[in-house]
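K.L.:
With the input below, show me the fold.
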Amino acid sequence: MASEPAIDDPLELSQPVPPDVRLDRTTVELSDGYRTAAHAYTCQAAGPRDPVVYLHGIQSHPGWFSGSAAYLAAHGHAVLMPTRRGSGANTIARGDAPSAKQLLDDVAACCRLAMSRFDAPRVHLVGVSWGGKLAAAFCLRRWDGVEIASLTMVAPGIVAKVDVPLSKKLAIGLALLGRPGAMFDVPLSDVALFTDNPAMREYLANDPHRLHRATARLLFASRRLDSMLKAPSGSLSAETTLLLADRDRIVDNAPTRRIITDLTAGKAHVQQHDAAHTMEFEESPEPFHAALLAAVRRSCISRDAGDKAETT
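P.N.:
Residues are numbered from 1 along each chain as shown. The predicted structure is shown next:
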């Protein structure tokens, strides 16, 4: 696995990066040789803390979440935000992924890179929307060379209000038999699903790097992730925070909350915010930023308390 400066990363940021935060656009080589862009946020003035690996959603890319990534960096947590293969500005295998296993391997590669790049023994994992589902599935097992300090899911796409119609599901199933690379629409074209903020709706409407179509293979991989989350109670042992949006038009909050509560045997920290699906895009995103930082810091406090108890 290697990283190097990216030659071409045209992703437009939803929010400007403050002058005290540095954004490096790099390239990550994944386990099968696929190369993808990543955004790395650091702040020299802040003290060193465990870094964050931040996973975006099915349609989105790292540019959407520049505000919260910069906020975490300014408060001492370097952030590595990879572009999922086939999404963002990636043109190779656009809208595709070989399997759920490969997607999980990609997360492991990015976690190892973050630990190496920022010289850290562990990472915090944050997943937003579809990325929250991927992050949860990742944390259900142990990975060589990866230590997860905490898991934070932001409006995770575990139970959706917006789904592919039955006729399309049948077409996807047939495509898997002989044309797994066949493309299908991602049912999230309406920017109003993501935010009520007019400025951010305009940003989304003009974003040329939103992923509008996905292969049958990627959509099947997404279903495989769903099945992985049907695990026994208590299977999710990481320090877990679930942030839900009260005005979410994409995610069904109640069953999502039940699933995560069961997976963590009731230990998940659950908060609901007066926000639409992409809390990042609220006109005043400060409460979301603070909640995200608190979720990451909560595991730090728990770990510090445990270390103190062991030494007394």
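
K.L.:
From now on I want contacts and neighbour counts done on CA atoms only, so please keep to that.
P.N.:
Noted.

K.L.:
Which strand residues bridge the closest residue to residue 55 other than its chain neighbours?
P.N.:
Leaving aside its chain neighbours, residue 55 sits nearest to residue 127 (4.6 Å; criterion: Cα to Cα, 6 or more residues apart in numbering). Using DSSP bridges, the bridge partners assigned to residue 127 are residue 55, residue 153.

K.L.:
packing partners for the helix or strand encompassing residue 25?
P.N.:
Using DSSP states H and E, residue 25 sits in strand 22-29. If contacts are counted by 3 or more Cα pairs under 8 Å, 6 or more residues apart in numbering; DSSP states H and E, strand 22-29 sits against strand 3-5, strand 35-42.

K.L.:
How about it, which residues are buried there?
P.N.:
22, 23, 25, 26, 27, 28, 29 (16 or more other Cα atoms under 10 Å).

K.L.:
do stretch 171-179 as well
P.N.:
Quick answer for stretch 171-179 (16+ other Cα under 10 Å): 172, 173, 175, 176.

K.L.:
Is it possible to get those out as CSV so that each row also shows secondary structure and pLDDT?
P.N.:
As requested, those are exported to CSV (DSSP: H, G, I helix; E, B strand; the rest coil; pLDDT from 0 to 100):
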residue, secondary structure, pLDDT
172, helix, 93
173, helix, 93
175, helix, 95
176, helix, 94
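
K.L.:
Quickly name whichever of these is closest to residue 17.
P.N.:
Using Cα to Cα, residue 172 is the member of the buried residues of stretch 171-179 that sits closest to residue 17, with 40.1 Å.

K.L.:
count of neighbours near the spatially closest residue to the closest one that is not a sequence neighbour?
P.N.:
Using Cα to Cα, 6+ apart and skipping residues adjacent in sequence, the residue nearest residue 172 is residue 216, 5.4 Å away. Close neighbours of residue 216, defined as other Cα atoms under 10 Å, add up to 26.

K.L.:
if I look at residue 216, how far off is residue 184?
P.N.:
Using Cα to Cα, to the nearest Å, residue 216 is found at 7 Å from residue 184.

K.L.:
Can you check which residues contact both of those two?
P.N.:
residue 172 (Cα atoms under 8 Å, 6 or more residues apart in numbering).

K.L.:
how about residue 191, what does it touch?
P.N.:
By Cα under 8 Å, 6+ apart, the neighbours of residue 191 are 201, 204, 205.

K.L.:
And for residue 134?
P.N.:
103, 104, 127, 225.

K.L.:
which one of those residues is nearest residue 287?
P.N.:
Distances from residue 287 to the contacts of residue 134, taken by Cα to Cα, are shortest for residue 127, at 17.6 Å.

K.L.:
Surely residue 269 and residue 257 touch.
P.N.:
No - Residue 269 is beyond contact range of residue 257, at 10.2 Å (criterion: Cα atoms under 8 Å).

K.L.:
Return every residue with contacts to both of the two.
P.N.:
With Cα under 8 Å, 6+ apart as the test, residue 269 and residue 257 both reach residue 242.

K.L.:
which stretches of the stretch 101-250 of the chain form strands?
P.N.:
123-128, 148-154, 183-185, 213-215, 240-245 (DSSP state E, counting those that start in this stretch).

K.L.:
Give me the sheet partners of the fourth one and which way each runs.
P.N.:
Going back to what we said before, that points to strand 213-215. strand 183-185 (antiparallel).

K.L.:
Name the residues of the strand it pairs with that come out as buried.
P.N.:
Result for strand 183-185 [16+ other Cα under 10 Å]: buried residues 183, 184.

K.L.:
What's the mean pLDDT across that strand?
P.N.:
Averaging pLDDT along strand 183-185 yields 95.

K.L.:
what does that strand rub up against?
P.N.:
95, 172, 212, 213, 214, 215, 216.
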